[in-house]
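Trainee: sequence first, predicted model second:
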Amino acid sequence: DAKTTQPTSMDCAEGRAANLPCNHSTISGNEYVYWYRQIHSQGPQYIIHGLKNNETNEMASLIITEDRKSSTLILPHATLRDTAVYYCIVSVTGTASKLTFGTGTRLQVTL
Amino acid sequence: AAGVIQSPRHLIKEKRETATLKCYPIPRHDTVYWYQQGPGQDPQFLISFYEKMQSDKGSIPDRFSAQQFSDYHSELNMSSLELGDSALYFCASSIITELRGGYEQYFGPGTRLTVT
């Protein structure tokens, strides 16, 4: 699986958009970009994933650059409950594809 | 909606003892994954099963074994426990998202194992 690079930590004011970048310059054509988050020792939570098109769901938006070498997770209106470690993971889609967690970005949402 | 169930939630064992962790996937999910998260570390993949067959294997010690049963629940068996096995153990389940491709993994709340 391709390696990802994320900032170690970020701050965001409550109510503002949180934009979390991820670099995955060695991504291959059959690899998806997944985003998960972990709120203090809870089980990681799936957020969103995409292959090459931008994606949006009720939680977030995922913007993938045209060359697929980087992506940005957008939480449109961050709340205190969004404080968590956010993991950007690149993974081949196949039978029981594992997730390889990197160090992630620790997002702190403040009042 | 039904979620992944893990039992027990907390487990305390002594060195050299054995432990069994159980995972009940979301109904209709055919794939189960096990991850280990040590203190202050990120989750690390251990092993996965698809349709009751081992599918992938990560950095799982030889002292650990796992299987998936006919009802799709899975068990992680850990023997000769060491202090370093103290960690959170997460189980996740998935089913292929046929419309778009890609597998969303849904994680359970974890089992916190403490080895003393």
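Mentor: Looks like it arrived, so ask away.
Trainee: from now on I want contacts and neighbour counts done on CA atoms only, so please keep to that.
Mentor: Fine.
Trainee: would you confirm that B:Phe64 contacts B:Ser79?
Mentor: Yes. B:Phe64 lies in contact with B:Ser79 (CA atoms under 8 Å); the separation is 6.3 Å.
Trainee: tell me which helix or strand of chain B sits lowest on mean pLDDT?
Mentor: Within chain B, no helix or strand scores below strand B:53-57, which has a mean of 91 by mean pLDDT, DSSP states H and E.
Trainee: what about that one, near chain A?
Mentor: Yes. With CA under 8 Å from any CA of the partner chain as the criterion, chain A is reached by strand B:53-57 at B:55-56.
Trainee: pLDDT averaged over whichever helix or strand comes after that strand, what's the number?
Mentor: Toward the C-terminus, strand B:53-57 is succeeded by strand B:64-68 as the next helix or strand (DSSP states H and E). Average pLDDT, strand B:64-68: 97.
Trainee: then stretch A:3-17?
Mentor: On average, stretch A:3-17 scores 96.
Trainee: and it, how far from the chain's centre?
Mentor: On the basis of CA atoms, centre = their mean, to the nearest Å, stretch A:3-17 sits 10 Å off its chain's mean C-alpha point.
Trainee: got a list of contacts for it?
Mentor: Residues outside stretch A:3-17 that contact it (CA atoms under 8 Å, 6 or more residues apart in numbering or on different chains) are A:18, A:21-27, A:74-80, A:88-90, A:102-111.
Trainee: just the strands from the chain, written as ranges.
Mentor: Assuming you mean chain A. A:9-13, A:18-23, A:31-38, A:45-50, A:55-56, A:61-64, A:70-75, A:84-92, A:105-110 (DSSP state E).
Trainee: right idea, wrong chain: chain B
Mentor: Counting by DSSP E, the strands of chain B are B:5-7, B:10-13, B:19-24, B:31-37, B:44-50, B:53-57, B:64-68, B:74-78, B:87-94, B:106-107, B:111-115.
Trainee: let me know whether the second one sits next to chain A.
Mentor: No. Strand B:10-13 stays clear of chain A (CA under 8 Å from any CA), getting no nearer than 13.1 Å.
Trainee: can you list the buried residues in that strand?
Mentor: For strand B:10-13, a neighbour-count test (16 or more other CA atoms under 10 Å in any protein chain shown) marks B:Lys13 as buried.
Trainee: quick one: average pLDDT of it?
Mentor: 98.
Trainee: cool, and the third one?
Mentor: In this model, strand B:19-24 carries a mean pLDDT of 98.
Trainee: what about that strand, distance to the chain center?
Mentor: Centre-to-centre, strand B:19-24 and its host chain are 7 Å apart (CA atoms, centre = their mean).
Trainee: if we can go back for a sec, just the angle between the least confident helix or strand of chain B and strand B:31-37, please?
Mentor: Angle between the axes of strand B:53-57 and strand B:31-37 is 40 degrees (criterion: axes from the mean of the first three to the mean of the last three CA atoms, to 10 degrees).
Trainee: in its sheet, what does strand B:53-57 sit against?
Mentor: Sheet pairing of strand B:53-57 (DSSP bridges) gives strand B:44-50 (antiparallel).
Trainee: tell me the centre residue of the chain?
Mentor: Chain wasn't specified; assuming chain A. In chain A, the centroid-proximal residue (CA atoms, centre = their mean) is A:Trp35; its distance is 3.3 Å.
Trainee: can you look at chain B instead?
Mentor: Note: chain B centre (CA atoms, centre = their mean) maps to B:Trp34, 2.9 Å.
Trainee: gap between it and A:Ala17?
Mentor: B:Trp34 sits 33 Å away from A:Ala17, going by CA to CA, to the nearest Å.
Trainee: all set, thanks.
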